[in-house]
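>>> Got a sequence here, can you model it:
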Amino acid sequence: MKLTTPITITAADSEARTISGRIVAFDEPANASTGKVVFAKGSIEPQQVFLNLEHDRTRRIGRSMEMSLDGDSAINATFKISSTQAGNDALIEAMDGLRDGFSVELTVDDYVQEKGYMKVLKAELTGVALVSEPAVRSARVAEVAATEGEEDSESTPDPDATPTPTTEGDEVENTVTDAAAVTETVEAAQSVTAAANFGGFTAKPRLDFSAPKQLEMTIKAALGSDEARAYVRAAADTTDNAGLVPTRQLTTVINGLANATRSNIDAISRGVLPDAGMTFEIPKITQLPGVTVEAEAGTIEDVDQTAAFLSVDVKKYAGQQTFSVELFDRSSPLFIDELMRNMAAQYAKVTDTAVNAAIIAGASLDATTVATYPTAAELLGIIGRGAASVYAGTQGFARNIIANTSQWSNLMTLNNNGAPLYNVAAGTNNFTGGVSTPTSIRGTVAGLDLYVTANTASTTDTDGSILIVNPDAYTWYESPTYQLRADVVNTGQINIAMYGYGAIATKIGAGAFKNNKA
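Got it, this is the predicted structure:
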């Protein structure tokens, strides 16, 4: 989920060409693109981003210089403004209070729906916009810095500058990105006016068609302007002068196929992958030392503690996309943004599905079968037997329950005289067994934390569609994810690959318990 939420600038410095202010306020209501929203403390981490004008990513006016947490209440940032006409206008507008708001652009990974607002639990900061209508009035411009008539002694690289092309051989770049988030941003190499040949977009250039503009360019073309002649030719390449009433293309991309949620991985423990090797070993106690009751002056029994090594295989997870250099150069930045977002989502899906399969494979099977989706009593039986089995097998507690989407649906139907057991409104039922709602894949069921997953081999009522888990019995080890880009000169193509390494360690198989479908 993407959302934008505005907040007011606190500083603008006209000497140093910087604009500063609070960009996020935690636990403070704000108006977002999705409605009322509150950001939980720690839900957003500071990171370097571009500053866009009114959320138009093709109109970048600067980039972040500093970004830091203000205790646990807010995130403050300072942006360097480019020495362009748009940047100059933005500085003036900020100083005069005409455009003095910040609005953050986010990709939301986890949230809960509270009464009347959405509470964001985890999100990635993808950009910040300078806007004229902020929603939160708790901060204003403190300083706008702009040196008139001369360049700064230390120039800021233009994030939209076109890179120098390579003419010999293939060029390969390898960059490391954050492991957990698995979200990457590849910015287009130059400012463009064409839309992407991707999804619902078209690669055909969009011109600023209007009747006055058409008349102006027709006159200039008659006077010999090559640029105007090109405009007239493009305008003529329409049906019934459709260019005079252009079709607008929104920057919002419809995507109902993927997200980056990894419920199975979230339901177990996490570890950092060792820095070398395609296997690694974890020591595991296989025999405890003996302690017995002995008679006075009797011989003490000698039982040695023994250990073995659990071998864990490291797997590589990778995907790639090959496309023409024309598509990269002449398409909207949305193409690359959406491509990398979807590759990250697919990476999340395949790794999470692998973890789900490993948990099911190692789990103890319930000795009691259930013929159909469990009733409330049958569900409590599965949880009770599972909790006891996990504790006996691991000497630790089952804390989580993983359910596939069909079992999630069944949870929401369980009721007491019509009142839902796991989504109880105040005053409608004197029994509260937990929370499972249609608006969140997190909840609680009979004292266990609920994780709903779509990343499983089956979405029906099958063995392992309900898993009772001690998270310490399974660990997911993961490397950072990487991007590999190759420019293939002889074919005029670009290849972008994303890959990473992961390993699922089943430390104690009895640490999970699965339902038994009759």
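>>> what's the pLDDT at the nearest residue to residue 348 once chain neighbours are set aside?
The spatially closest residue to residue 348, leaving aside those adjacent along the chain, is residue 260, at 4.3 Å (C-beta to C-beta, 6 or more residues apart in numbering). Backbone N, C-alpha and C define where each C-beta goes, glycine included. The predicted local confidence for residue 260 comes out at a pLDDT of 87.
>>> now do residue 430
The per-residue pLDDT reported for residue 430 equals 47.
>>> What strand or helix carries residue 355?
When elements are assigned from DSSP states H and E, residue 355 belongs to helix 333-362.
>>> Please enumerate the strands of the stretch 1-150 of the chain.
In the stretch 1-150 of the chain, strands defined by DSSP state E, counting those that start in this stretch lie at 2-25, 30-32, 35-39, 50-53, 56-70, 74-81, 101-114, 117-131, 144-145, listed in chain order.
>>> Now do the strands in the stretch 301-450 of the chain.
Listed in chain order, the strands of the stretch 301-450 of the chain (DSSP E, counting those that start in this stretch) span residues 306-313, 315-324, 364-370, 400-404, 415-416, 419-420, 434-435, 442-445, 448-453.
>>> Partner strands of the very next helix or strand once past the last one, with direction?
The helix or strand immediately downstream of strand 448-453 is strand 466-469, counting by DSSP H and E. In its sheet, strand 466-469 lies beside strand 400-404 (antiparallel), strand 512-517 (antiparallel), with partners assigned from DSSP bridges.
>>> quick one: which of those is nearest residue 223?
In terms of C-beta to C-beta, the element of those nearest to residue 223 is strand 400-404, at 69.0 Å.
>>> about what we covered before: okay, the strands paired with strand 466-469 in a markdown table with mean neighbour count and mean pLDDT next?
Below are the strands paired with strand 466-469 laid out as a markdown table (neighbours: other C-beta atoms under 10 Å; pLDDT from 0 to 100):
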| stretch | mean neighbour count | mean pLDDT |
| --- | --- | --- |
| strand 400-404 | 25 | 96 |
| strand 512-517 | 25 | 96 |
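>>> Switch those strands over to a markdown table; also include distance to residue 86.
Rendered in a markdown table, the data for the strands paired with strand 466-469 read as follows (distance: least, C-beta to C-beta, whole Å):
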| stretch | distance to residue 86 |
| --- | --- |
| strand 400-404 | 50 |
| strand 512-517 | 56 |
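>>> Tell me where the stretch 201-350 of the chain has helices.
For the stretch 201-350 of the chain, applying DSSP state H, counting those that start in this stretch gives helices covering 211-222, 226-236, 263-266, 325-330, 333-362.
>>> So this protein: which segments form each domain?
Under the assignment automatic domain parsing, the domains of the chain span 2-145, 168-192+260-289+305-425+433-518, 211-244.
>>> In a markdown table: those, plus distance to residue 250.
Shown next, in a markdown table, are the domains of the chain (distance: least, C-beta to C-beta, whole Å):
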| stretch | distance to residue 250 |
| --- | --- |
| domain 2-145 | 11 |
| domain 168-192+260-289+305-425+433-518 | 10 |
| domain 211-244 | 18 |
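>>> quick one: which of those domains is nearest residue 252?
For residue 252, the closest of these is domain 2-145, at 7.8 Å, according to C-beta to C-beta.
>>> which stretches of the stretch 351-500 of the chain have low pLDDT?
Along the stretch 351-500 of the chain, segments meeting pLDDT under 70 span 423-432.
>>> What sits closest to residue 385 if chain neighbours are left out?
With C-beta to C-beta, 6+ apart as the measure, residue 366 is the residue that lies nearest to residue 385, at 6.0 Å, once sequence neighbours are left out.
>>> picking that back up, for residue 405, find the nearest of the strands of the stretch 1-150 of the chain.
Ranking those by proximity to residue 405 (C-beta to C-beta) places strand 101-114 first, at 17.2 Å.
>>> And the closest one, what does it pack against?
The contact analysis (3 or more C-beta pairs under 8 Å, 6 or more residues apart in numbering; DSSP states H and E) places strand 101-114 against strand 2-25, strand 117-131.
>>> quick one, that strand and strand 74-81 angle?
150 degrees (axes from the mean of the first three to the mean of the last three C-alpha atoms, to 10 degrees).
>>> quick check: angle from strand 101-114 to strand 35-39?
Taking the same axes, to 10 degrees, one finds strand 101-114 and strand 35-39 inclined to each other by 90 degrees.
>>> Buried residues, strand 101-114. List them.
101, 102, 103, 104, 105, 106, 107, 108, 109, 110, 111 (16 or more other C-beta atoms under 10 Å).
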